[in-house]
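*Asks:* 3D model of this:
(chains A and B)
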There are 2 protein chains.
Amino acid sequence: MIAQIADRYLGALDAKMREIVDSAPQAPQFNVMLRYPFGWVDEHDRSYNQPTGKRIRPTLLLLCAEAVGGDFQTALPAAAAVEILHNFSLVHDDIQDDSDTRHGRPTVWMLWNRANAINVGDALFSLAFTALATLQDSGVPPAVTLKCWTVFNWTCLELTRGQHLDMSFERQPLVSVDAYISMIRGKSAALIAACAQMGALIGAHDETTAEHFASFGLNLGIAFQIHDDILGIWGDEVLTGKSAATDIISRKKSLPVLYGLSQSEALTALYQREAFTDADVTEAVRLLDEAGAQTYARDIEVRYYEQAMADLRAANPQGAAAQGLLGLTEALFQRQH
Amino acid sequence: MIAQIADRYLGALDAKMREIVDSAPQAPQFNVMLRYPFGWVDEHDRSYNQPTGKRIRPTLLLLCAEAVGGDFQTALPAAAAVEILHNFSLVHDDIQDDSDTRHGRPTVWMLWNRANAINVGDALFSLAFTALATLQDSGVPPAVTLKCWTVFNWTCLELTRGQHLDMSFERQPLVSVDAYISMIRGKSAALIAACAQMGALIGAHDETTAEHFASFGLNLGIAFQIHDDILGIWGDEVLTGKSAATDIISRKKSLPVLYGLSQSEALTALYQREAFTDADVTEAVRLLDEAGAQTYARDIEVRYYEQAMADLRAANPQGAAAQGLLGLTEALFQRQH
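*Replies:* Got it, this is the predicted structure:
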């Protein structure tokens, strides 16, 4: 369903992203490292062509541009920018989390070491701004381009605030739900809010309408992350492509876990162990189920999802893109992976 | 001399930088980590107030703005942006190079670990763009603000290209002078060129004049880096605050070293050792002297310095700021630390 909605844009989006990434200054190996995260090439620069990720963020941005009466082509620079920014954050995340694979391939730091991966992330970060700045050549008025830049800058800062909190939670025994929501607001939802807001800004140049879209994106983004948290424990291994309970193994302080820790002394005791055996993981999931952690997280997800739907109605999207937005929102809520 | 020239701007520059850094979203510890690299606070957020670095880049930018008839206050957002960007690159550099001190203090990663330091760098990167975007509120026309953004984006990409080459040189036995100049053009000179170019753009809105300033900055930046390379081997320990021959110990492929390696088989053999004893370091410096590496590097520095002076004459700076620019350029060429 998500793939069907994204399909209309994928060719043009991919072309724009490649144009930007290939506009980086040339140096041996450097440009291969920049192309690799997008799934265009393997580590030897041989064609690979298995796009990584579902391109949800740029799809949302382009749908919002159309839903306010704009042309999606005009918004392609911003769509490329958000997807490149998302990939920047994954490259640095993978170093920070010591993750050795992503999308079934070795991560950038595993292939080229950490020092190079930091630099690859920095270059992708620069390319995200480079992409956004090409709104100037896309027929977007200077004032709208500058407004998008301001939104984007704040989004980048929110990403780093969220990342800071996420890392700090690892060392905290108890994390409140409010603190957790504040963290995912920065780490996940801010960029999704920016997609909706920038799409609307570029499509209709109206800041009030764009604020409704921003609010829709923020609530959708929070629901989206909580959905991910649930899949990270109870997701079907075959569908997610990750081992089930992967977030238990990595001891991620996701919403179900922090709720479980606040409810279950047995779970808290378990989480004090140095390392988890397979039996510990099974027991942790059982204790989470016993504490009602899945239901608890699902209820909060639904609350944000319903708020997102209310925001979307207030934003009053039009035409075929409005159907696409509804379809995408529902698909994100129902997805099994 | 540099301090005297910078002095006029330092108060206003510092205020602008603090305003931007303190505008970051708030989270416990996060904002301390962002203030620390500028020397405003220690790691416990206690006032420290020993500004790190000489603020050469923003001073150059503000001088160029005035030398074309502009008001330096208008250019403060760009001046803050280049200094914040410079600090971002140092935070990531220190992780990449495993450096444990900078300006006589522990580096960010030493205090808060590598994962946090990556994130601090990313946040400073975002803040550099945040600073630049406030040109909008400074009376700069939108077209000039957008042009500065384009220059800044390319500068960031050049920084990452230069950093990539610098790291790749560590693994290469022979590095050509051309490859080396290309590396420092990205890693050091691009940002200095951007300072001169953006200063002139903001001061006079004239792209042709700004190109002359850009060329001046680029050549000055190359000479500046070669000067650093010479100080890194033959600098006076008391004045530089680093142990003499620090670049020998770290086996940096600086210009004198790569010239020495191309001329001296004994030096090449020495550089194949796993670790250097104190006697090895002394011997390396002796072999570099024997090969005439200092004279060689100095000659190339002078060539770029003279080109920079010719560019500056072509740029035709005016008034007291023209004297300041000449003074700064000479001071950079003569500095002992």
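*Asks:* got a list of what residue A:35 touches?
*Replies:* Residues in contact with residue A:35 (CB atoms under 8 Å, 6 or more residues apart in numbering or on different chains) are A:21, A:22, A:41, A:45. C-beta: built from backbone N, CA, C; applies to glycine.
*Asks:* Most neighbours out of those residues, which is it?
*Replies:* Within the contacts of residue A:35, most neighbours by other CB atoms under 10 Å in any protein chain shown means residue A:21, with 22 neighbours.
*Asks:* Please name the residues that touch it.
*Replies:* A:31, A:34, A:35, A:38, A:84, A:127.
*Asks:* Out of the residues you listed, name the two that are farthest from one another.
*Replies:* The span of those, defined through CB to CB, is set by A:31 and A:84 at 14.2 Å.
*Asks:* In terms of helices and strands, where is residue A:178?
*Replies:* Per DSSP states H and E: residue A:178 is located in helix A:177-184.
*Asks:* who does that helix touch, helix- and strand-wise?
*Replies:* Using 3 or more CB pairs under 8 Å, 6 or more residues apart in numbering or on different chains; DSSP states H and E, the elements in contact with helix A:177-184 are helix A:142-169, helix A:207-234, helix A:255-263.
*Asks:* Now the second one: buried residues?
*Replies:* In other words, helix A:207-234. A:209-234 (16 or more other CB atoms under 10 Å in any protein chain shown).
*Asks:* before we move on, what about the first one?
*Replies:* Counting neighbours by 16+ other CB under 10 Å, one finds that the buried residues in helix A:142-169 are A:144-149, A:151-169.
*Asks:* Could you double-check that residue A:333 lies in contact with residue A:227?
*Replies:* Yes - with contact defined as CB atoms under 8 Å, residue A:333 counts as touching residue A:227 (6.8 Å).
*Asks:* anything in contact with each of those two?
*Replies:* What both residue A:333 and residue A:227 touch, as defined by CB under 8 Å, 6+ apart, is the set residue A:301.
*Asks:* Show me the strands in chain A, by range?
*Replies:* A:101-102, A:105-106 (DSSP state E).
*Asks:* any idea which of the ones you listed is most buried?
*Replies:* Mean neighbour count (mean count of other CB atoms under 10 Å in any protein chain shown) peaks for strand A:105-106 among the strands of chain A, with a mean of 16.
*Asks:* Check the offset of it from the chain's centre.
*Replies:* 19 Å (CA atoms, centre = their mean, to the nearest Å).
*Asks:* tell me the mean pLDDT for it?
*Replies:* Throughout strand A:105-106, pLDDT has a mean value of 95.
*Asks:* Show me what that strand is in contact with.
*Replies:* A:39, A:42, A:43, A:52, A:100.
*Asks:* strands paired with that strand, and their directions?
*Replies:* Strand A:105-106 has its sheet partners listed here by DSSP bridges as strand A:101-102 (antiparallel).
*Asks:* Can you tell me which residues in the stretch 1-150 of chain A are near chain B?
*Replies:* Contact residues, the stretch 1-150 of chain A versus chain B (CB under 8 Å from any CB of the partner chain): A:24-30, A:33, A:92, A:95-97, A:114-116, A:118-119, A:121-123, A:125-127, A:129-130, A:133, A:136, A:142-143, A:145-146, A:149-150.
*Asks:* isn't residue A:174 right next to residue A:259, touching?
*Replies:* No - using CB under 8 Å, residue A:174 is not in contact with residue A:259, being 11.0 Å away.
*Asks:* Tell me which of those two has more neighbours.
*Replies:* The residue with more neighbours, out of residue A:174 and residue A:259, is residue A:259; 23 against 11, by other CB under 10 Å.
*Asks:* My read is that that one contacts residue A:291, right?
*Replies:* Yes - counting by CB under 8 Å, residue A:291 is a contact partner of residue A:259 at 7.0 Å.
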